[in-house]
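Trainee: need a 3D model of the following:
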Amino acid sequence: MGAGWTLLAVAAVRWLRAQRPLWWWRVLILGAALLGVAWLAIVPDKLTALAPFYALAFALLLPVVAVVAWWEREGKRTQLDWDLPLALLFGLAAGVISAFALYSGWLKLNLVTWQGALALAAGEELLKTLAVVYFLWSPRARGVREGLRVGLAVALGFTVAQMTLASYLAYHATVSALPRAEAVLFRAGIASMDHMLAFQLALQLLGEAVWTAAICAAIWRERGGRRFQVTPGLVATIAVVLVLHGAFNYTYANQWVQLRLGGVFLPLVNVLLAGAGFALLRFFSVEAREREAVGSLPEAPLLPTLGAYLGERRGRLSRWNADVVAASRGATPGGQTTGAPSPSRATDPGQGAQRAPEPPEPRDPPNTEWLV
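Mentor: So this is what the prediction gives:
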């Protein structure tokens, strides 16, 4: 296992070096620092008028970082023109409706119960899905990758509006208990807002965009030449997303397996649920990219293709694990011990000429059998 951790550490270092010239991490650090300064200024001085602006700035941080990172990577290559800004606006509208309908206490949803957690998940996913219906008629959003981008844009707008309003509603519900916001009551209101911000941040970071993008990818993949088509694959994708979202709400509300670091906690179960969502989204992304790379392929049903993809990834992981075990035992993946002389090396002690470098081993072509 030591060799495996070493390989992961090397990959992490390479990734960090690749991010050095980019701006997204600078925006993240600067924004987090400014939020910390703002919080320290608001709480001691009881600046009640700044509470909604603080919630808005908190909600904007990660979406702004995501937009900067996306623009640095592929923003100049997109073909969606004004569809993405329009998707952001539709997402903002859906987030406003969600905050007042689901978080104002009108429906009285209790996330501690499975029923309340699933009802909240269903309401949010329904609103986000309705926000992308317009783009089924867009001539620029025809492929799965365009559907992914539209879903991500809608989710970013949705989380900004919902996080801001839901957090301020939690704050207002506390401080409005008395005619004026006294010091103790103001701090209680800030605590309620911070609690809601933490929950919304977990959703924003680990779930909302991933789930919406997965549903949109399934819609765009399964519709074929039509505007919209209901298939078993689409129904299964929506069901998986609802289960993941509902389980996320339920486990967070019931504080399942949380790692506490001082005043900060890490919801480990929610991280695992987010991993399942990222795996589903990666399937759609990889399939769309590889279909574009290999050219036209016959369309295959979603569920068998997903099963074949998971089997291919499991085999790749097994091969990687075998290579790591072989390296940790001092052997090459081919079974040759690293300390033993290679047959291709010169064994004559009097031979002074250096051996010519061996040509690189040919790489296997990409495995695309799971696509058909």
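Trainee: and the nearest residue to residue 137 once chain neighbours are set aside, how many neighbours?
Mentor: If the residues on either side of it in the chain are set aside, residue 137 comes closest to residue 227, at 6.9 Å by CB to CB, 6 or more residues apart in numbering. Quick note: C-beta positions are derived from backbone N, CA and C, even for glycine. Other residues near residue 227 come to 10 when the count uses other CB atoms under 10 Å.
Trainee: helix, strand or coil for residue 227?
Mentor: For residue 227, the secondary structure call by DSSP: H, G, I helix; E, B strand; the rest coil comes out as coil.
Trainee: correct me if wrong: it contacts residue 134.
Mentor: No. Contact between residue 227 and residue 134 fails when scored by CB atoms under 8 Å: they sit 11.1 Å apart.
Trainee: is it true that residue 83 touches residue 141?
Mentor: Yes. Residue 83 sits in contact with residue 141 when judged by CB under 8 Å, with a separation of 5.7 Å.
Trainee: of these two, who's got more company?
Mentor: For residue 83 versus residue 141, the count of surrounding residues by other CB under 10 Å is larger for residue 141: 24 against 20.
Trainee: got a list of what the closest residue in space to the more buried one that isn't next to it in sequence touches?
Mentor: The shortest distance from residue 141 to any non-neighbouring residue, by CB to CB, 6+ apart, is to residue 135 (4.8 Å). Counting by CB atoms under 8 Å, 6 or more residues apart in numbering, residue 135 makes contact with 83, 87, 141, 147, 150.
Trainee: closest one to residue 173 out of those, please.
Mentor: For these, the closest approach to residue 173 (CB to CB) belongs to residue 87, at 31.0 Å.
Trainee: how close does the closest one get to residue 6?
Mentor: The spacing between residue 87 and residue 6, counted by CB to CB, to the nearest Å, is 42 Å.
Trainee: okay, the two: which has more neighbours?
Mentor: Neighbour comparison, residue 87 and residue 6: the larger count goes to residue 87, with 28 against 13 (by other CB under 10 Å).
Trainee: flag every buried residue along the helix or strand where that one lies.
Mentor: Secondary structure assignment for residue 87, by DSSP states H and E: helix 83-102. Within helix 83-102, the residues that count as buried by 16 or more other CB atoms under 10 Å are 83-84, 86-88, 90-99, 102.
Trainee: quick one: the strands in the stretch 251-372 of the chain, in order.
Mentor: With DSSP state E, counting those that start in this stretch as the criterion, the stretch 251-372 of the chain has strands at 258-261, 264-267.
Trainee: so where's the protein uncertain?
Mentor: Where the chain drops to pLDDT under 70, the residues are 1-5, 44-46, 75-81, 177-184, 257-266, 295-298, 330-372.
Trainee: longest helix in it, please.
Mentor: Scanning the chain for the longest helix, with DSSP state H as the assignment, gives helix 144-175.
Trainee: past that helix, which element shows up next along the chain?
Mentor: The next secondary structure element downstream of helix 144-175 (using DSSP H and E) turns out to be helix 183-206.
Trainee: beyond that next one, next helix or strand please.
Mentor: As assigned by DSSP H and E, the chain's next helix or strand after helix 183-206 is helix 208-222.
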